Every structure is written in structure tokens, then in C-alpha cells.
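Chemist: here is my input, please return the structure:
(chains A and B)
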Protein chains: 2
Amino acid sequence: MISKNKTKYIQSLSRKKEREELGIFIAEGEKLITELIKADFSIDLLVTSSADLAKKMNHISEVIIGDESEMKKISLLKTPSSILAVVKIPVKNALPDPLPDDLIIALDGIQDPGNMGTIIRLASWFGIKNIVCSTNCVECFNPKVVQATMGAIAHVEVTYTELDSFIMRALKEKRTVYGTLLEGQNIYTSDLEKNGIIVLGNEGNGISPDIEKLIINRLSIPSFGPKNKTVESLNVSVAAAIVCSEFRRR
Amino acid sequence: MISKNKTKYIQSLSRKKEREELGIFIAEGEKLITELIKADFSIDLLVTSSADLAKKMNHISEVIIGDESEMKKISLLKTPSSILAVVKIPVKNALPDPLPDDLIIALDGIQDPGNMGTIIRLASWFGIKNIVCSTNCVECFNPKVVQATMGAIAHVEVTYTELDSFIMRALKEKRTVYGTLLEGQNIYTSDLEKNGIIVLGNEGNGISPDIEKLIINRLSIPSFGPKNKTVESLNVSVAAAIVCSEFRRR
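Modeler: Residues are numbered from 1 along each chain as shown, chains lettered A, B, ... in the order given. Now for the predicted structure:
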């Protein structure tokens, strides 16, 4: 049984303020939680409606068995999962100096949790270990982001920082910084550096002017529809996918 | 002012049953509605809180001006737009015989409205005019789908049909049918026919067994992360984007 206090505590973690104060986030579903455990995330508390799962996870310090109606109360999903974990947010290391010699994604003001989660997931797929976010991006431990990563949050380092300083530092280290913009060079025929920095902008407004002026290498994904019968842009996670695919396929 | 009856009527269109019975869907936002008008969709009713927009759209038979609190009541969006349209679902023509000689996307059991909308949007970007859906896919006039298309619903033909019959027909017409599967040929080095049929599967289960056995050309997007530290799959709209980009870039 899940006590009233525990129920309230878990419910409170749906709010950013509580998560940040306590350094805790919520993950739901066996696959996601298994990935977090494999990656040495520290699990404070597991709640499950499955006796089998409780047994399998008996190395966790605190495991509570709840029934389905109790799971429903604490879950943030439309269809509650049979297992939920309260997980410690790992202590963030600063970005290494010099920066890792590999592709890095930089996000400028990504607001939608689904997009953020999808981008973390595809970064993992393409073996990109670092995502650098402007401080006004949605928080990567937001429950909707965590779920949309499908476990990739365990493998990708997401760092929040002043994006302009980060880009200036990358430029000083002689890294090539690419921006995806509506007006840019055709990405299919552009030279792409294996250790480039890829900047992607906000859903509605794209890359902010302060960041854009730091970008010399402007890339765009060509559109193939007739001008007056085509949407004006791609969804940012779709653009991210195509750009990462292009950098990796060469 | 928006009458109680009109408010109730518009609210009822959030339900699939009502939309289908009346052959009507809802679109919100100036850009989306403008795209629909340009593409000759028939607008039954416009509701707006902007006198300017009401003037601009005065060729529409019925335009109602409502205040913001009234807009909030009828809107399905978190942040209501200043304009909402009640639009006739166009009469569907059967797929041409023979099939159009161009790339066609076939969707097998896509459930998530966000994915469906994103796929319609990227199809438009890549100049793909036809999407064929299995009958268990989410309805393309679902309001969440319509909004996620960002206007592309005006330019892409979405047809619902028995997918196995459609694929057998395409094969009979000597078209090459490609499936995106986890185990398949590397898409970056595969031959891709300019007029291929691209089959994409359900979010959780992929392509269904009945459809999969009709597919000879199996494609996969290679993963670049270390095996034990990488997510197992990509989101379906992300996979769709990379596959469409590969077909078009050659």
C-alpha cells in the first residue's frame, strides 16, 4: 500500500520547483527505469503494482507495492505504467575543457517537452553524447521529456548554460558552429565537420538574433514541394533528425 | 457574441463521432485557416476575436465576433488562437488508377495525433502528395492532427484503406514497396526508387505481421551509439523524416 504521505510526495514532483529543490525526478515504465539503473542513476524509491517487478528490483533500497488505483493516483501518464521510480538527478559536471571532440547539439529555447525528449532520443541513436541547452529551454527532467526520451536520458548529457558564451568558447577552440535556418546552404551538398556544433532554434521563432549573429555556417534542408503548396518549415525534432543523419552518414 | 447553441455545436466537434456524422472539422489559427482557404476548403463558419481578421475574411459566409473568454470556451488549444474555423471535410476521391507515379507514404496503425500531424507536415515539405493509412490509424481531421500539420493538411491527400490490399495493388503495378524495420539494409547505401512506397509502422509495435510479409525491401536507419548505451528505436515521425530525406536527396 502507498501511504497518503508518499502519494502526496510523488504527486508534488510533477512540479518543477519541487523537483529542483529536492534534486529528484520521476520515471515510469520498466524499460526506462531499467535503462536508468543500468546507467547507475540512483533510485530513491520504486512503486509497482507487479509482484514480479518488485522481486526483480529488490536491490533497490525502498520498493512499495501498490494496487492499480494507487498507481493511477501517482502516475502522470494517461495509461499508468505498472512501475514508477523516484530518481536522484545526477550531479552535473561542467563541460570538459577542451570540449569533447565529437558532434554536439546546441538547443536555443526549445519549449515543447515532446520535442526535447525526441531530440535527446535521436541524439542517443546517432551516438551524440552532449546536448547543450540555453537556460530558457524546457527542463530535461520534466516528466514528459523523460518519458519521450524512451530511456535516452540515461545516456545523453544535457547541460544548461548561457548559449552565446558556449558558442564563443567553441569558436575559440576552432570548432565549426552550424545553424539550421530557413535560408542557408543546402545541407545535402555542404561540407560537414565530424565534430561540428549543431544549433537548433525555438519552435516558433527559430534561432534567436543574438545567437544567429555568431553563426557563419548556415544550413538548410531543401524543400521539394511547389512553393505555394508547401508548409513553411519543419518541426524542430524532424529537422534535428535530418541534420544529425546528414552529419553521421558521410 | 457567440450564441450558446453555436458554442455547444463547436464544442461537440471535438468528438470524432460528431465530426464524421457532419463531415466537419475544426481548424485554429490564422496561418492554418489561410492555407485551407487558399486550397479551396469550404469554410462553414469563422469565429474570431479580432475585428481586423473578421474584415480580412469577409468573403466567408458566416463570421462571428467573440471575445476572448468566448474563444477560450470553444478552443481546443491550451493557448486559444484569435480565430477558429468550422471547415467541411472534402469529399475523398479514390486513389487514381494506376497509382500516382511519385513517392507515397503508407502508414500502418499510427496512433499518436502528434506523429500523424508531423508526418503530414514533413510529407508536404518533401513534396509527397499522397499518404495512405490503414483504417486503424488516427483520423487526419482529429483537431490535434490538424494543428500539428501547420497547414499541410491542405496540401497532402490522406486516404484510409485496407493497407494489405493497397500494397498488393502497388506490387501488381510493379512499384517497389519499402518497409522501415529495425533489421534491414542500411538506407544510406541502398538503392531507392524515386516512386517507391514507404511503409511506416505503429509507435509501439512497428509494422504489423500481415503487412510485413508483403515487404521485400527492408530498410533501416543505422544507429551510431554503442549498443548497450543507445535507445532501441527512433520515434516514427523522426524515422519518416530521415527516410523521406534519403529518397529525395539522391
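Chemist: what's the separation between A:Asp112 and chain B?
Modeler: A:Asp112 is 10 Å from chain B, where distance means Cβ to the nearest Cβ, to the nearest Å. For glycine as for every other residue, the C-beta is placed from the backbone atoms N, C-alpha and C.
Chemist: correct me, but that residue touches A:Val138?
Modeler: Yes. Here A:Asp112 reaches A:Val138: they are 6.9 Å apart, a contact under Cβ atoms under 8 Å.
Chemist: make sure A:Leu95 is indeed in a strand.
Modeler: No. Counting by DSSP: H, G, I helix; E, B strand; the rest coil, A:Leu95 falls outside a strand, being coil.
Chemist: and the closest residue to it other than its chain neighbours, what is it in contact with?
Modeler: In this structure, A:Leu95 finds its nearest non-sequential neighbour in A:Thr159, 5.8 Å apart by Cβ to Cβ, 6 or more residues apart in numbering or on different chains. Contact analysis of A:Thr159 by Cβ atoms under 8 Å, 6 or more residues apart in numbering or on different chains lists A:Lys92, A:Ala94, A:Leu95, A:Asn130, A:Ile131, A:Val132, A:Cys133.
Chemist: what pLDDT does A:Thr159 get?
Modeler: Here the pLDDT value assigned to A:Thr159 is 97.
Chemist: looks to me like it is in a helix.
Modeler: No. Secondary structure assignment (three-state DSSP) places A:Thr159 in strand, not in a helix.
Chemist: relative to A:Ile215, how far out is it?
Modeler: 19 Å (Cβ to Cβ, to the nearest Å).
Chemist: now do A:Val158
Modeler: To A:Ile215, A:Val158 is 21 Å away according to Cβ to Cβ.
Chemist: okay, the two: which has more neighbours?
Modeler: A:Val158 (22 against 19; other Cβ atoms under 10 Å in any protein chain shown).
Chemist: buried among the contacts of A:Thr159? Make that a ChimeraX selection.
Modeler: Buried members of the contacts of A:Thr159, defined by 16 or more other Cβ atoms under 10 Å in any protein chain shown, are picked up in ChimeraX with:
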select /A:95,130,131,132,133
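Chemist: mind giving me the domain split of chain A?
Modeler: A:4-88, A:104-249 (automatic domain parsing).
Chemist: just the ones you listed: most buried one?
Modeler: domain A:104-249 (a mean of 20; mean count of other Cβ atoms under 10 Å in any protein chain shown).
Chemist: quick one on the thing from earlier: chain B: which of the contacts of A:Thr159 is nearest?
Modeler: Set against chain B, the nearest of the contacts of A:Thr159 by Cβ to the nearest Cβ is A:Asn130 (12.6 Å).
Chemist: what bridges to that closest one?
Modeler: Under the criterion DSSP bridges, A:Asn130 forms beta bridges with A:Ile104, A:Glu157.
Chemist: and the nearest residue to A:Ile215 once chain neighbours are set aside, which of the three is it?
Modeler: Of all residues not flanking A:Ile215 in the chain, A:Gly179 sits nearest, at 3.8 Å (Cβ to Cβ, 6+ apart). Here A:Gly179 is recorded as strand under three-state DSSP.
Chemist: A:Gly179 contacts A:Leu219, doesn't it?
Modeler: Yes. A:Gly179 is within contact range of A:Leu219, at 6.9 Å (criterion: Cβ under 8 Å).
Chemist: can you show me the helices along chain A?
Modeler: A:4-12, A:16-22, A:30-38, A:51-56, A:68-74, A:113-125, A:143-148, A:163-172, A:209-212, A:236-249 (DSSP state H).
Chemist: from B:Thr48, how far out is A:Asp40?
Modeler: For A:Asp40, the distance to B:Thr48 - Cβ to Cβ - is 54 Å.
Chemist: kindly apply the preceding question to A:Asn228 instead.
Modeler: In terms of Cβ to Cβ, A:Asn228 sits 24 Å off from B:Thr48.
Chemist: then A:Ile207?
Modeler: From A:Ile207 to B:Thr48 the distance is 31 Å (Cβ to Cβ).
Chemist: low-confidence ranges in chain A?
Modeler: Within chain A, the set of residues satisfying pLDDT under 70 is empty.
Chemist: endpoints of stretch A:25-42, how far apart?
Modeler: Distance across stretch A:25-42, first residue to last, is 11 Å (Cα to Cα, to the nearest Å).
Chemist: which residues are contacting it?
Modeler: Here stretch A:25-42 makes contact (Cβ under 8 Å, 6+ apart) with A:10, A:13-14, A:19, A:43, A:46, A:53, A:57, A:60, A:75-77, A:80-90, A:141, A:143, A:146-147, A:149-151, A:153-155, B:228-229.
Chemist: out of these, which sit inside strands?
Modeler: Counted as lying in strands by DSSP state E, out of the contacts of stretch A:25-42, are A:Ile43, A:Leu46, A:Ile83, A:Leu84, A:Ala85, A:Val86, A:Val87, A:Lys88.
Chemist: widest-spaced pair of these?
Modeler: Within these, A:Ile83 and A:Lys88 form the most distant pair, 17.2 Å apart (Cβ to Cβ).
Chemist: which residues of chain A lie near chain B?
Modeler: Contact residues, chain A versus chain B (Cβ under 8 Å from any Cβ of the partner chain): A:38-39, A:114, A:118, A:121-122, A:124-127, A:148-152, A:155, A:188, A:221-226, A:228-235, A:237-239, A:241-242, A:245-246, A:248-249.
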